[in-house]
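S.K.: I'll drop the sequence and a predicted model, then ask my questions.
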Amino acid sequence: MRNNLLGSVLLWAMLQRSNLQITVPVTALNCCEGDIVILLDSSGSVANYEFSRLLHFAADLLRPFSLGRGHVRVALLLVGTKPNLEFGLDTHNNQESLQKALQKVTQLQGDTNTEAALEVARQLLAQTNVPEVLLWLTDGVQPGEVGEPISKLKAQGVSVLAVSSVHGNFQVLQRAVSPPLESHLYSVDIENIDIITKDLREAIIKIIRAERLRVIHLNSHSAALQWRPVLSADSGYYELWYNAVGNTKAETRLHLPGGATWVELTDLHPDTTYTASLRPESNQRLYNTLSVSFTTLPDVLGPAVVSVSDSGPRQTRVSWGPLQPDRVQRYTVEYGAIPSGLVKTLTLHSDQNSTLLTGLEPGTQYLVTVTALYVDGKERAMSVRACTQEDTAGALPALADLQLSTTERQEVQVWWRMNQDGIRGYWLSWEKENFHSSLSSSVYIPPSSHSKQLTRLTQSSRVCVSPVYSSGRGEGICCTAEKQRDSSRRG
């Protein structure tokens, strides 16, 4: 009983230690871009303990990397009688998700069909165009005829690395891995496998380190370049130089701090091809020089777009772009009513890209022209049409009078008069009330009509007429069938 209790305590302690080891770190290694396929021997020749140790080793090995497209993608492929893709390259894009998935992996058992698993790995890696790594974790016992599938992977550009226990077939593994053997092949006792984690990780980083300079933003007069960090603020600096192709005399050189990861190149010429080079300088080691070529966009003279917004009865806002304060002296905005209204002009500073036009006439169409005067004397103009809203605020009721006339058949004749122009029609509504329900109806009346006959109404029915403008419904008048005139108002 005491032995069983002691064994349970030891097992619990090992599990707690394992959980602590898989704690996700706060920082990630943002140095690399590539795809890694872990080929893990899950056959019956691997003891359960060895399988568990290999899983924990893989988790520790991968923990520092930033995951996802543009960083490092990881797939786990298990070797058994039939290969099992535990998860693919696009399954996990953060460490928390990956580490949890690795904790849930169970051993397949069965035969060691490595050839079939290598074919699956080759198909996975055939779909990518970034540096690729196959990491083979195995006991090395009877790996099978792996020469041909391994050769196909290498011909595809895949770097093959392997970790084996001490009783594995070392000669087969030597032929399988990519050179150099001293950093790509490890034979280690399973109990001490953690001692190779750092060296193997550095070997992988050398393969998938994203040593490239790329353009992340480009326009006619500037370009932003970005690179993966290889230095720190206190370990060196970057030297960057660039020039237009065919004009090496006008080369520009910059010194950037070791903590920098991007730079913006300004005052470039439009529609011109440039080459830029970046060299990390450090006393600790030599780094490769990174280069990139790019062509700036053709020059865009503004205004390239003009728009109107916030329109009201007597105002509207006009906006334009792109804003080019360094190249424009001033803007002028001309506006006048169509077809032959008085033209007014505003002069604005070069750092403005909008203005509010006021004092306009309601319900009127205007032609608005924005002109940019450039420092070199050139001009560019663009026009847009703007319509103000009709002004119905504060207007008198469009109806001078509303009258109802009832007949013995409970029909109602409705008459009304208007005293102003600009009406688009009338909105007539009425209600029928009784002891059980109240029903309402409405109908649009064209502006040429000034009367309407309503049927099947009782004396309790209420009738309302409202004028309709192009911008909405105005104030109306209401009457009831039992009164000849009702002075109440309705909007």
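M.R.: Nice, thanks for sending it over.

S.K.: Only C-alpha atoms from now on, for both contacts and neighbour counts.
M.R.: Noted.

S.K.: In this protein, mark out all the helices, start to finish.
M.R.: When assigned using DSSP state H, the helices of the chain occupy the ranges 2-21, 48-62, 95-103, 114-125, 147-155, 170-176, 181-184, 197-208.

S.K.: Out of the ones you listed, the one nearest residue 308 is which?
M.R.: With C-alpha to C-alpha as the criterion, residue 308 lies closest to helix 95-103 of these, at 48.3 Å.

S.K.: relative to helix 48-62, how tilted is that closest one?
M.R.: Helix 95-103 runs at 170 degrees relative to helix 48-62, counting by axes from the mean of the first three to the mean of the last three C-alpha atoms, to 10 degrees.

S.K.: related to what we said a few turns ago, same list (the helices of the chain) but as TSV, adding mean pLDDT and mean neighbour count.
M.R.: Putting those into TSV (pLDDT from 0 to 100; neighbours: other C-alpha atoms under 10 Å) gives the following:
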stretch	mean pLDDT	mean neighbour count
helix 2-21	38	11
helix 48-62	94	19
helix 95-103	95	17
helix 114-125	93	20
helix 147-155	91	17
helix 170-176	86	17
helix 181-184	92	15
helix 197-208	92	16
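
S.K.: Buried residues, stretch 330-340. List them.
M.R.: Across stretch 330-340, burial judged by 16 or more other C-alpha atoms under 10 Å covers 330, 331, 332, 333, 334, 335, 336, 337, 338.

S.K.: With only the CA atoms kept, save that stretch in PDB.
M.R.: Coordinates of each C-alpha in stretch 330-340 appear next as PDB, following Å, rounded to 0.1, in the frame of the first residue of the first chain:
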ATOM      1  CA  ARG A 330      -2.400  77.000 -52.200                       C
ATOM      2  CA  TYR A 331      -5.900  75.800 -53.100                       C
ATOM      3  CA  THR A 332      -8.800  77.800 -54.600                       C
ATOM      4  CA  VAL A 333     -12.400  76.700 -54.400                       C
ATOM      5  CA  GLU A 334     -14.900  78.200 -56.900                       C
ATOM      6  CA  TYR A 335     -18.600  77.600 -56.600                       C
ATOM      7  CA  GLY A 336     -21.700  78.900 -58.300                       C
ATOM      8  CA  ALA A 337     -25.300  77.900 -58.900                       C
ATOM      9  CA  ILE A 338     -26.100  76.000 -62.100                       C
ATOM     10  CA  PRO A 339     -26.600  77.200 -64.800                       C
ATOM     11  CA  SER A 340     -25.600  80.800 -64.500                       C
END
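
S.K.: Let me see the confidence value for the spatially most central residue of the chain.
M.R.: Residue closest to the average C-alpha location in the chain (C-alpha atoms, centre = their mean): residue 69, at 13.6 Å. The score at residue 69 is 88. That number is its pLDDT.

S.K.: Please apply the same query to residue 476.
M.R.: Looking at residue 476, its pLDDT is 79.

S.K.: Likewise for the one 5 residues further on?
M.R.: At residue 481, the predicted lDDT confidence score is 64.

S.K.: Over to residue 24?
M.R.: pLDDT, residue 24: 36.

S.K.: Use 56 as the first number from now on
M.R.: Sounds good: first residue 56 from here, last item residue 79.

S.K.: Closest one of the buried residues of stretch 385-395 to residue 361?
M.R.: Using C-alpha to C-alpha, those come closest to residue 361 at residue 388, 11.0 Å.

S.K.: my guess is the closest one meets residue 425, correct?
M.R.: Yes: if you go by C-alpha atoms under 8 Å, residue 388 and residue 425 touch, sitting 4.6 Å apart.

S.K.: picking that back up, select, out of the helices of the chain, the one closest to residue 216.
M.R.: helix 236-239 (4.8 Å).

S.K.: Any figure for the gap between residue 182 and residue 86?
M.R.: Shown here: residue 182 relative to residue 86, a distance of 22 Å by C-alpha to C-alpha, to the nearest Å.

S.K.: do residue 105 as well
M.R.: 31 Å.

S.K.: quick one on the thing from earlier: residue 182 and residue 86 - which one has more neighbours?
M.R.: Using other C-alpha atoms under 10 Å, the more surrounded residue of residue 182 and residue 86 is residue 86, with 18 against 8.

S.K.: show me the contacts for that one.
M.R.: With contact taken as C-alpha atoms under 8 Å, 6 or more residues apart in numbering, residue 86 is in contact with 126, 260, 264, 265, 283, 284, 285.

S.K.: Over to residue 200?
M.R.: Listed by C-alpha under 8 Å, 6+ apart, the contact partners of residue 200 are residue 170.
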